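>>> A predicted structure for the sequence below; I have some questions about it.
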Amino acid sequence: MIDSHHHLWDPARREYPWMSGDALAPIRKPYTVDDLRTVATAAGVHATVLVQTVSDEAETEEFLATAASEPLLAGVVGWVDLAAPDVADRLARLRELGPLVGIRHQVEDVPDPDWLLRPEILRGLTAVGNAGLVYDLLVAPAQLAAARQVAERLPDLRLVLDHAAKPGIAAGEWQPWADGVASLAAHGNVHCKLSGLVTEADWREWQVGHLRRYADHVFESFGANRVMFGSDWPVCELAAAYEVVLDAAVSLTGGLSDPERLEVFERTAARVYELKDAAG
């Protein structure tokens, strides 16, 4: 089993602007690779993808160094300034440091819904694709239209939609998320993570049934061979422990065939991120 999406951090060493506020206080503490190994291996996970948390190449460098010495970490989705004139050189330098498999920017926090379509960003995304890397889409429902245009304009760029574009599960929201996801999924270069749903639901009262409609739509839109499991640990701990998130994902995939579940829990991530020796 591969966990395609988790984080590590230490608030004593680095600022995490998104982590401010009382609601996130429970996870405002260090989470180390040792902590990850404890929860992931107990859950039967044998490989993971570590994902950036701040817009800082220094964090990516640290993650790559950690992954280079930790067998559990099969790949890193890091950060680079997509608008930098030397973005291709920056990507090449980072790839020399460890198993860089993708790039991400926290687009959900950008006020401009068309940020992804800015000429300098499209140029950077093209460089990501030319480097053979994946681009992770961390977008809100209102940004799905721009994401779809990126998929259209850059058909050779492998895209992965994080957290199914964060539907408003707690409020029971459906549109425009549902149509936006279906439209994006129409492009074969886009994949989707079955991740982050528990923290889009009510943190204290959520049940698997609250997530099912949204997960079913993801499978109907993408197909199992373009969906991958991600824990979103330790963010998930706001609503559920690692093993509880995994149990929910197992339940949400209960209607799939065994080969389809194998795609979701291992093969899609291994194939899309080109994780060497990670697939069983």
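Happy to help now that I have it.
>>> report the secondary structure state of the nearest residue to Y242 once chain neighbours are set aside.
Distances taken as C-beta to C-beta, 6 or more residues apart in numbering put V39 closest to Y242, at 4.1 Å, once the chain neighbours are dropped. Backbone N, C-alpha and C define where each C-beta goes, glycine included. Under DSSP: H, G, I helix; E, B strand; the rest coil, V39 falls in the helix class.
>>> do the same with A68
Applying three-state DSSP: A68 is helix.
>>> how many neighbouring residues does it have?
12 (other C-beta atoms under 10 Å).
>>> separation between it and H46?
18 Å (C-beta to C-beta, to the nearest Å).
>>> before we move on, what about A83?
37 Å.
>>> quick one: which of these two has more around it?
H46 (16 against 13).
>>> for the nearest residue to that one once chain neighbours are set aside, what are its contacts?
Once flanking residues are discounted, H46 sits nearest to M1: 6.4 Å by C-beta to C-beta, 6+ apart. Applying C-beta atoms under 8 Å, 6 or more residues apart in numbering, we find M1 in contact with A43, G44, V45, H46, F229, F265, E266.
>>> again, but for G78
Q52, E57, E59, T60, F63, L64, L94, L100, G102, I103, R104.
>>> for L161, same thing?
L137, V139, A147, V181, L184, V190, H191, C192, K193.
>>> got the phi and psi for it?
phi -80, psi 120 (degrees, to the nearest 10).
>>> doesn't A240 make contact with the residue nearest to Y242?
No: if you go by C-beta atoms under 8 Å, V39 and A240 don't touch, sitting 11.8 Å apart.
>>> mutual contacts of these two, please.
With C-beta under 8 Å, 6+ apart, V39 and A240 have no common neighbours.
>>> find the nearest non-adjacent residue to L97, please.
Nearest to L97 is L64, by C-beta to C-beta, 6+ apart, at 4.2 Å.
>>> what's the neighbour count on that neighbour?
Neighbours around L64, by other C-beta under 10 Å: 21.
>>> helix or strand for it, which one?
According to DSSP states H and E, L64 maps onto helix 57-69.
>>> A40 versus the residue nearest to H46, what's the distance?
9 Å.
>>> where's the residue lying farthest from the centre of the chain, which helix or strand?
Most distant from the centre of the chain: P85, at 25.8 Å, with distances by C-alpha atoms, centre = their mean. Under the criterion DSSP H and E, no helix or strand holds P85.
>>> who's in contact with it?
Per C-beta under 8 Å, 6+ apart, neighbours of P85: none.
>>> and it, what's its pLDDT?
As predicted, P85 sits at a pLDDT of 97.
>>> now do the one 5 residues further on
In this model, R90 is scored at 98, pLDDT.
>>> ok, now which ones touch it?
E57, V80, D81, A84 are the contacts of R90 under C-beta under 8 Å, 6+ apart.
>>> ok, now Q106?
W18, S55, L138 are the contacts of Q106 under C-beta under 8 Å, 6+ apart.
>>> my guess is G196 meets I169, correct?
No: assessed by C-beta under 8 Å, G196 is found out of contact with I169, at 10.0 Å.
>>> tell me if I'm right that the residue nearest to L97 and P99 touch.
Yes: if you go by C-beta under 8 Å, L64 and P99 touch, sitting 7.0 Å apart.
>>> that older thread, quick check, nearest of the contacts of G78 to D258?
Nearest to D258, judged by C-beta to C-beta, of the contacts of G78 is G102 at 28.0 Å.
>>> dig out what that closest one forms beta bridges with.
V77, V134 (DSSP bridges).
>>> from G75, how far off is it?
For G102, the distance to G75 - C-beta to C-beta - is 7 Å.
>>> these two: who's more crowded?
Taking other C-beta under 10 Å, G102 and G75 do not tie; G75 has more neighbours (29 against 22).
>>> give me the three-state assignment for that one.
Going by three-state DSSP: G75 is strand.
>>> once you drop chain neighbours, what's closest to the residue most central in space within the chain?
The geometric centre of the chain, computed from its C-alpha atoms, lies nearest to D162 (C-alpha atoms, centre = their mean), at 3.9 Å. Excluding the flanking residues, the one nearest D162 by C-beta to C-beta, 6+ apart is L138, at 4.6 Å.
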